[in-house]
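1. what would the 3D arrangement of this be:
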Amino acid sequence: MATGEEGARGRRRHRGNNRVTIEDVAKQAGAAPITVSRALNTPEKVSARLRERIDRAVETLGYVPNLIAGGLASAGTRVIPVVVPSLSILTFIEVIHGIQQTLEAAGYQVLLGSTDFDLDREAAMIDSVLGYSPSGVILTGLRHRERAVHRLKAWGRPVVEIMELGEPCIDMSVGIDNTGVGACMAQHLLERGYRCIAFLGSGMGMARDYRAHERYEGHHEVLEAAGVESGLLFQHDEPSSYEVGRQLFLEALEARPDLEAMHFANDNLAAGAILEANRRGIRVPQDIAIGGYLGLSLGEHLTPRLTTVTVPRFGMGVEAARLLLARLEGRSPPSSRVDIGYELSVREST
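-> The predicted structure is shown next:
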């Protein structure tokens, strides 16, 4: 049986690869490792002053407690957490499908987590899943709480961020230029001759879904550069749905009867608008043009068919999984930052 000193050396060996250990936290906090362990597991048994010092050391060093012992903690389980803002939006479902299919073929299992676009909830989820020693992590977006970024960088295993491009990224990223997507649709509407154009979005006024707001910024910049009214923006707090799209459509027309085109933040909203227009005998695009974003298959079955910016969501998931697998297999991917691209799909609605 190993002595306490030998056990400590074993823990250090298991937690190698420059990972922060409980001994590192103890040294930083000026406390014994057993005291640190007690503070983390039964904090009520440690004085508030000492607990604060230990918490500060944990935060500074980015320490992640291992909830799985021994060699398994060192090697990592064959589980990959995938953290997304929502499991009810088709955007993320198709990306997850690409990730899952690729990782499962390589012998890994996917663990899904949903944050409801809440970065604090995401940070807490990261704290939880890292304790179970996954082999890597896939996150949505490039914006996270600072403590979550610090912890993931200190953790030292592969991390892939999806759905957007930009700097800095934690480790690797696969996504699109959301500002460019918004500019693409706005430019298309201008080229079709429309001049009074509104952007319509949902989800806490797009405050949480900041990628939708980035698309609005691209839209706004193009219209402003063209010298036309660029600030027409209609928003709802509720999550995206056909019903919210219907409501936005009617509110925008009531507020601005002179509108010539509507640029929706996604295809669900745009579909709700087209269905409502058909019910009311409003002709699309003769009376009002409608454009969307995502390239959902439903857009091809509407009357008229929806013009949209198509994003390869399944392919994005596959590429994210491939980047992760390359690193896990000791290979260096050709690039740690992959622009998955997008395509304007012009149909009858514009």
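
2. quick one, strands of the stretch 151-300 of the chain?
-> 159-162, 172-175, 197-202, 233-236, 261-264, 289-294 (DSSP state E, counting those that start in this stretch).

3. how about these in TSV, adding mean pLDDT and distance to D116?
-> Just so you know, the C-beta spots here come from the backbone N, C-alpha and C atoms, and that holds for glycine as well. Formatted as TSV, the strands of the stretch 151-300 of the chain follow (pLDDT from 0 to 100; distance: least, C-beta to C-beta, whole Å):
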stretch	mean pLDDT	distance to D116
strand 159-162	96	17
strand 172-175	96	20
strand 197-202	95	14
strand 233-236	93	16
strand 261-264	98	22
strand 289-294	97	20
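
4. contacting residues for A326?
-> Applying C-beta atoms under 8 Å, 6 or more residues apart in numbering to A326 gives the contacts 332-333.

5. about what we covered before: figure out which of the strands of the stretch 151-300 of the chain is closest to R121.
-> Set against R121 and scored by C-beta to C-beta, the strands of the stretch 151-300 of the chain come closest in strand 159-162, at 16.8 Å.

6. listing partners with orientation, what would you give for that closest one?
-> Looking at strand 159-162 with DSSP bridges, its partner strands are strand 137-140 (parallel), strand 172-175 (parallel).

7. got the buried residues for the last one?
-> Think strand 172-175. Applying a neighbour-count criterion of 16 or more other C-beta atoms under 10 Å, one finds 172-175 buried in strand 172-175.

8. next one: it to chain centre, how far?
-> Centroid separation for strand 172-175 versus its chain: 10 Å, with C-alpha atoms, centre = their mean, to the nearest Å.

9. could I get the strands of the stretch 151-300 of the chain in TSV, plus columns for distance to T303?
-> Shown next, in TSV, are the strands of the stretch 151-300 of the chain (distance: least, C-beta to C-beta, whole Å):
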stretch	distance to T303
strand 159-162	33
strand 172-175	32
strand 197-202	20
strand 233-236	24
strand 261-264	17
strand 289-294	12
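
10. nearest to I89, out of those?
-> Comparison of the strands of the stretch 151-300 of the chain against I89 by C-beta to C-beta identifies strand 289-294 as nearest, at 9.3 Å.

11. the closest one to strand 197-202, inter-axis angle?
-> Using axes from the mean of the first three to the mean of the last three C-alpha atoms, to 10 degrees, the direction of strand 289-294 lies 40 degrees away from that of strand 197-202.

12. packing partners of strand 289-294?
-> Here strand 289-294 touches helix 178-191, strand 261-264, helix 267-280, strand 307-310, going by 3 or more C-beta pairs under 8 Å, 6 or more residues apart in numbering; DSSP states H and E.

13. which one of the ones you listed lies closest to G107?
-> For G107, the closest of those is strand 307-310, at 31.9 Å, according to C-beta to C-beta.

14. quick one: strands adjacent to that closest one?
-> Taking DSSP bridges as the criterion, strand 307-310 pairs within the sheet with strand 289-294 (parallel), strand 343-345 (antiparallel).

15. any idea how far the first one is from the chain center?
-> This means strand 289-294. For strand 289-294, the distance to the chain centre is 21 Å (C-alpha atoms, centre = their mean).

16. next, the angle helix 178-191 makes with that strand.
-> Using the same axes, to 10 degrees: strand 289-294 against helix 178-191 is 160 degrees.

17. show me which residues of stretch 223-240 are buried.
-> Here stretch 223-240 shows 223, 230, 232-236, 239-240 as buried, counting by 16+ other C-beta under 10 Å.

18. and that stretch, how far out from the chain middle?
-> Centre to centre, stretch against its chain (C-alpha atoms, centre = their mean), the figure for stretch 223-240 is 23 Å.

19. do stretch 250-260 as well
-> 32 Å.

20. ditto for stretch 103-112
-> Using C-alpha atoms, centre = their mean, the offset of stretch 103-112 from its chain centre is 19 Å.

21. distance between the ends of that stretch?
-> 13 Å (C-alpha to C-alpha, to the nearest Å).

22. helix or strand next in line after the host helix or strand of H97, which one?
-> H97 belongs to helix 90-105 when assigned by DSSP states H and E. Of the helices and strands lying after helix 90-105 in sequence (DSSP H and E), the nearest is strand 109-114.

23. tell me what that following strand is packed against?
-> With contacts taken as 3+ C-beta pairs under 8 Å, 6+ apart, strand 109-114 sits against strand 79-84, helix 90-105, helix 119-130.
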